[in-house]
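>>> what would the 3D arrangement of this be:
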Amino acid sequence: MLNKSLVSIDQCAKEDILRILENARKFEENPDRRLLDGKIAATLFFEPSTRTRLSFETSVNRLGGRVIGFQDASTTSSSKGETLKDTILMVSNYADVIIMRHHLEGAARYASEVTKVPIINAGDGANQHPSQTLLDLYSIKKTQGTLDNLTITMVGDLKYGRTIHSLIVGMSHFHPTFHFIAPEELKMPEEQKHFCRMHGIEFHEHTVFSEEIINETDILYMTRVQRERFTDIVEYERVKNVYILHNKMLEHSRPNLRVLHPLPRVYEIAYDVDDNPKAYYIQQARNGLFTREAIICDVLGIDIKTKIDN
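Below is the predicted model:
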């Protein structure tokens, strides 16, 4: 993947993933490295973001680069009717890498096809979120000591959840077992289940969020029900509180279990979980800084091993 766009996690081979995670570990040891001197990153967020945008911008700053861009598309020429193609071509004149979030599925891939400047997909609709997947993988490896042969339970919005769709692909190299817990309206799409079958990945579907499943889980991945993906507000109100994790539900869980969440949370994790040592979602967000530093260097073709180790 070195020196090209990152638009989907499925373009990362196992060795790409392991290289990026190892580089993220090095950045955690020292995140302040002047590897982007003279480089400019453009952050184009056509859709709201807090953690993803700030962690990318912090990554560029800590690496010695500079940031341009926007966090509100209504303030840009796209509000005047400018096409995505023209926006990307215009920004390509100014930046060495473009980090983009867009509400349309496939927008990042399209952007990568119209410019030679590397594109990093920071989320495109309900499709992909590869940088989130890589920070999730880093968090899993850091807490479990391995990525191999883990049981991962995904709970909540499995229909629109781009983070869990990407995580399934990322974990496919490491022989996972999945539990998918969702109401019928938000169950895992057939596309992702077909992917699991094609790759020999064991999975089980449930509608009940039970302690029995939690107790055989290594990683409990909670997701919010995404109001912005619903066209029918009545449907959203019906399912928004269907699964809530409470601290007492973790009482008999495995010692190594960790609770992850891509954030923001709304109702799905009670605040009494926060003080449980198995809650890892705040540390998970911090891991995004180190992982995104590694991603930015990777797409720019910067040889971290040579520059850091020497």
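
>>> who touches the residue positioned nearest the centre of the chain in this structure?
When Cα atoms, centre = their mean is applied to the chain, the residue found nearest the centroid is Q132 (1.6 Å). Q132 makes contact with T52, G123, R162, T163, S166, P262, G288, according to Cβ atoms under 8 Å, 6 or more residues apart in numbering. For the C-beta atoms, the positions are set from N, CA and C on the backbone; glycine is no exception.

>>> pick out the most distant pair among the residues you listed.
Maximum pairwise distance among the contacts of Q132 (Cβ to Cβ): 15.2 Å, between R162 and G288.

>>> are we agreed that the residue nearest to the centre of the chain is in a strand?
No - under DSSP: H, G, I helix; E, B strand; the rest coil, Q132 sits outside any strand and is assigned helix.

>>> for H261, see how far away it is.
11 Å (Cβ to Cβ, to the nearest Å).

>>> likewise for P118?
Applying Cβ to Cβ to P118 and H261 gives a distance of 29 Å.

>>> for V7, same thing?
Counting by Cβ to Cβ, the gap from V7 to H261 is 24 Å.

>>> D37: what's it in contact with?
Neighbouring residues of D37 by Cβ under 8 Å, 6+ apart: G64, G65.

>>> three-state assignment of it?
Of the three states, D37 takes coil under three-state DSSP.

>>> returning to what we had before: so for R162 and G288, which sits in the more crowded spot?
Neighbour count, other Cβ atoms under 10 Å: between R162 and G288, G288 has more, with 27 against 24.

>>> the more buried one against T133, yeah?
No - the criterion here is Cβ atoms under 8 Å, and G288 misses it with T133 at 11.1 Å.

>>> in the chain, which helix is the longest?
When the chain is parsed with DSSP state H, its longest helix is helix 281-299.

>>> which strands and helices lie in contact with it?
Taking 3 or more Cβ pairs under 8 Å, 6 or more residues apart in numbering; DSSP states H and E as contact, the helices and strands that helix 281-299 lies on are helix 14-29, helix 51-62, strand 119-124, helix 130-144, strand 258-260, helix 304-309.

>>> how about a cut-off of 7 Å?
Helix 281-299 sits against helix 14-29, helix 51-62, helix 130-144, strand 258-260, with contacts defined as 3 or more Cβ pairs under 7 Å, 6 or more residues apart in numbering; DSSP states H and E.

>>> any chance of the ones you listed in JSON lines, with distance to I244 and mean pLDDT too?
Output for the helices and strands packed on helix 281-299, formatted as JSON lines (distance: least, Cβ to Cβ, whole Å; pLDDT from 0 to 100):
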{"stretch": "helix 14-29", "distance to I244": "31", "mean pLDDT": "96"}
{"stretch": "helix 51-62", "distance to I244": "22", "mean pLDDT": "94"}
{"stretch": "helix 130-144", "distance to I244": "21", "mean pLDDT": "97"}
{"stretch": "strand 258-260", "distance to I244": "13", "mean pLDDT": "98"}
